[in-house]
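Enquirer: here's a sequence, model it:
(one chain, ligands or ions: 2)
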Amino acid sequence: MTNLIERKKILSITAPVITILLTACNTSVIAAAPAPTKSNLVNVQQKSTKKIDKQLQNLIVKAQQPLKKLINKTVLLKGKRYSALKPLGPVPVPSDNPITAEKVALGKNLFFDGRLGGDTSTPCSACHIAETGWDFPNDISMGYPGTTHWRNSQTIVNSAYYGKLFWAGSSKSLESQAKGAAKGAVAGNGESDLMEARLALVPEYVTAFNNIFGDTWPKVGNAWKAIATFERTLVQRDTPIDKYLLGDKNALTTEQLKGKALFEGKAQCIACHNGAMVSDESFYNIGVPSNKRWETESLPQITFRYEMYGKGSNEKLYRNAKADPGVYFRGKLAEMKGKFRTPSLRYTKYTAPYMHNGTIKTLADVVDFYDRGGVAKDGRTTGYPQNKSKLIKPLGLTKQEKKQLLAFLDAFSAERIALTRPTLPAYKPLFSEKELLEAKK
Ligand code: HEC
Ligand code: HEC
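Expert: Numbering: from 1, shown residues only. Ligands and ions are numbered 1, 2, ... in the order given. From the prediction side, this is the model:
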């Protein structure tokens, strides 16, 4: 009886959830689910007894290990000092979202769960595929049904270390990024209330959100916290370059050492790709030409125009832009057109094709692109040449030097990070039809 009164209270508080529940009761999915044996409100108080799997446990430990050695060197190149390459340190964790094993396990499930999205077909894992490079293997990422995306999907491996996320650096934390991705029209296209209602109908999630965040009902904002925490374990700190910088002089081959000297000298890569993340997180236009699909295919064309419009471009740009203006949208400064955040070179072994629009197929092609001075194979360069970085000019690398540089790029990646896909917990109605009728009395 007390249970029913409790439930009546909840019924009135969570009216939107219940409306959806009632509608959902008519659908076969919910109707077919077995009736709850015990009220979920009781289950909420139980602590999860599930063991966190070994793979995740390992990742959590590795991500947080302190660095054996601190390195604070600089590299001098043509009279300018740049931060030297450094081993990747322990993953940064915001004070209001500490890492716990249970949160990581929940975040992993949510990362693979399409119910955090619109029509449930686009979980994070649809565009950040673990088996490729935790990215999407095409030039332009797939998008929400009815669109393509408009940019290349980045790997989420090591993304926890960036201060600025996305190709144009427009998001500042993994928490807000996850929310943006799940709600964005060309990605998840989810609606917050609906996503929250879906979580509330999965008893396993109700229990987990209660244990981890103290939520009586899962709050969708905490879903982003859990996903961000999971992402903080997808880090790679044991690459050949990390080992080398920490003192293992055999970690790089002779060819790679020659490549390192080119990277920090003749090829000038260190001017932008430096520090522990091999990125200065600044914005440059390096000459990447536009993706021709904007002009030749309808869906990419629609998505591209939509993005122009959605980001508040003027009429002229909306109609005429042929190349991605990149950082320009943030602040609308003409000198930012065609500029993008320097990406990390870590894990790039697995993330082909390359650049914000995926127009460069392999790492060997990237090296050729830089050697030609930021010009593609077909002679094209950025749509905004007035903003092209002065650092990008023909390098005059010999065939052998290109091979050495390419070999060195390999040193930024270790083995693939592989995880078993989770079995997602099923929906269960909160109340039986009989209970709902009784509660209405
Ligand atoms: C439909 C495809 C799609 C879905 C779904 C999607 N992403 Fe992405 N993701 C992308 C693309 C494309 C980019 C690059 C977009 C840009 O920079 O404008 C990106 C960028 C990112 C980045 C930035 C990485 C960096 O280097 O700055 C993170 C982190 C990320 N996504 C996490 C997520 C999470 C978490 C989810 C689920 C809540 C998600 N994504 C869902 C396609 C997708
Ligand atoms: C002026 C700064 C700058 C210099 C110098 C520079 N890069 Fe880059 N690099 C960038 C930026 C910015 C991007 C992304 C550009 C885009 O997508 O339009 C990038 C992209 C890349 C990518 C693609 C990564 C991905 O995830 O798609 C690779 C690989 C790369 N650079 C390697 C190098 C190498 C090797 C050198 C030296 C030959 C070099 N870079 C020199 C700024 C620079």
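Enquirer: from here on, just use CA atoms for contacts and neighbour counts.
Expert: Fine.
Enquirer: and stretch 256-274 with ligand 2, contact?
Expert: Yes: contact of stretch 256-274 with ligand 2 (Cα under 6 Å from any ligand atom) involves 263, 267-269, 271-272.
Enquirer: so how far does that stretch reach from one end to the other?
Expert: Terminal residues of stretch 256-274 lie 17 Å apart, using Cα to Cα, to the nearest Å.
Enquirer: which residues touch the closest residue to ligand 1 within the stretch 201-350 of the chain?
Expert: Distances between the stretch 201-350 of the chain and ligand 1 by Cα to the nearest ligand atom are smallest at residue 227, namely 6.0 Å. Residues near residue 227 by Cα atoms under 8 Å, 6 or more residues apart in numbering: 104, 106-108, 110-111, 175, 178.
Enquirer: would you verify that it is located in a helix?
Expert: Yes: using DSSP: H, G, I helix; E, B strand; the rest coil, the assignment for residue 227 is a helix.
Enquirer: that older thread, closest to residue 80 among the contacts of residue 227?
Expert: residue 175 (35.8 Å; Cα to Cα).
Enquirer: so what's the residue count around residue 170?
Expert: 15 (other Cα atoms under 10 Å).
Enquirer: relative to residue 57, how far out is it?
Expert: The gap separating residue 170 from residue 57 is 31 Å, by Cα to Cα.
Enquirer: please apply the same query to residue 82.
Expert: For residue 82 relative to residue 57 (Cα to Cα), the value is 36 Å.
Enquirer: cool, residue 198 as well?
Expert: From residue 198 to residue 57 the distance is 28 Å (Cα to Cα).
Enquirer: same question for residue 428.
Expert: Per Cα to Cα, residue 428 is found 29 Å from residue 57.
Enquirer: who has more neighbours, the two?
Expert: residue 428 (21 against 17).
Enquirer: test my guess that that one contacts residue 206.
Expert: No: the criterion here is Cα atoms under 8 Å, and residue 428 misses it with residue 206 at 10.9 Å.
Enquirer: how about the helices of the stretch 1-150 of the chain, start to end?
Expert: 2-13, 15-25, 28-32, 40-43, 54-64, 101-111, 124-127 (DSSP state H, counting those that start in this stretch).
Enquirer: scratch that, the stretch 201-350 of the chain is what I was asking about
Expert: 203-213, 220-231, 240-245, 254-263, 293-296, 298-310, 315-320.
Enquirer: pick the most deeply packed of the ones you listed.
Expert: helix 220-231 (a mean of 24; mean count of other Cα atoms under 10 Å).
Enquirer: between that helix and helix 54-64, how many degrees?
Expert: 80 degrees (axes from the mean of the first three to the mean of the last three Cα atoms, to 10 degrees).
Enquirer: give me the angle between helix 220-231 and helix 101-111.
Expert: Helix 220-231 and helix 101-111 meet at an angle of 100 degrees, taking the same axes, to 10 degrees as the criterion.
Enquirer: what mean pLDDT does helix 220-231 have?
Expert: The average pLDDT within helix 220-231 is 98.
Enquirer: list buried residues within the contacts of residue 227.
Expert: The neighbour-count test (16 or more other Cα atoms under 10 Å) marks 104, 106-108, 110-111, 175, 178 as buried among those.
Enquirer: return the closest of these with respect to ligand 2.
Expert: Using Cα to the nearest ligand atom, the buried ones among the contacts of residue 227 come closest to ligand 2 at residue 178, 19.4 Å.
Enquirer: tell me how far the residue nearest in space to the middle of the chain lies from residue 170.
Expert: The chain has residue 156 as the residue nearest its centroid, 3.9 Å off, counting by Cα atoms, centre = their mean. Relative to residue 170, residue 156 is positioned 15 Å away (Cα to Cα).
Enquirer: nearest to residue 143, of the helices of the stretch 201-350 of the chain?
Expert: helix 298-310 (8.9 Å).
Enquirer: what's in contact with that closest one?
Expert: For helix 298-310, using Cα under 8 Å, 6+ apart, the contacting residues are 146-150, 186, 293-295, 317-319.
Enquirer: and residue 279, what does it touch?
Expert: Residue 279 touches 272-273, 342-345, counting by Cα under 8 Å, 6+ apart.
Enquirer: alright, that wraps it up for me.
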